[in-house]
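Undergrad: Quick one, structure for this:
(one chain, ligands or ions: 1)
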Amino acid sequence: MIRMSRISFLFFIVMAMSWNAASAEGYFSKSPPDAKAYIISPEDGQIVGKTFTVRFGLSKMGVAPAGVKLPNTGHHHLLINLENLPDMEKPLAFNGNVKHFGGGQTETEITLSPGKHTLQLLLGNYLHIPHKPPVLSEKITIIVKDK
Ligand SMILES: [Cu+2]
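TA: Residues are numbered from 1 along each chain as shown. Down below sits the predicted model:
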């Protein structure tokens with residue numbers, strides 16, 4: 001009896017694991033190998049006012065709102081002063097360092113405190129999960145002036 005229940009328990013574990021792997025696979029979206037995200041403006045090293053516009057660039061892919069599952073599309077996320085890249089296998093967090101543009105926006109106006117800041121773009125799929133491979137821009141540094 002003990003042996004039987006152990007086998008069925010193991011069977012259950014194996015089933016649960018394979019189900020998880022199969023369903024997680026469905027959440028990911030592939031990106032074309034030459035897809036690129038980039039910050040059109042400001043430029044790396046640029047001095048900006050407290051409130052400024054950030055323009056998002058994307059090539060070889062299209063922008064679609066969050067929740068819309070279309071091949072080779074995604075929506076932009078602006079990573080602000082994020083030191084370590086997020087987990088590329090999970091939906092991106094919503095916080096002050098990770099801004100979602102789930103409406104399909106290609107620019108935004110942000111206000112930052114005076115000093116140095118970094119900006120980087122990361123595309124997410126319809127579920128806010130980075131693509132495979134991730135479509136990530138170069139990280140730029142900007143300087144916000146005092147006035
Ligand atoms: Cu998102």
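Undergrad: residue contacts, the closest residue to residue 60 other than its chain neighbours?
TA: Using CB to CB, 6 or more residues apart in numbering and skipping the chain neighbours, the partner closest in space to residue 60 is residue 35 (4.4 Å). Heads up, the C-betas are built off the backbone N, CA and C, glycines and all. Neighbouring residues of residue 35 by CB atoms under 8 Å, 6 or more residues apart in numbering: 58, 59, 60, 61, 72, 123, 131, 135.
Undergrad: a markdown table please, covering the residues you listed and showing neighbour count and pLDDT.
TA: Converted to a markdown table, the contacts of residue 35 look like this (neighbours: other CB atoms under 10 Å; pLDDT from 0 to 100):
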| residue | neighbour count | pLDDT |
| --- | --- | --- |
| 58 | 21 | 98 |
| 59 | 11 | 98 |
| 60 | 12 | 98 |
| 61 | 20 | 98 |
| 72 | 14 | 98 |
| 123 | 24 | 98 |
| 131 | 23 | 98 |
| 135 | 25 | 98 |
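Undergrad: Show me which pair in the residues you listed is furthest apart.
TA: 59 and 131 (13.8 Å; CB to CB).
Undergrad: where does the protein have its least confident helix or strand?
TA: Among the helices and strands of the chain, helix 2-27 carries the lowest confidence by mean pLDDT, DSSP states H and E, at a mean of 53.
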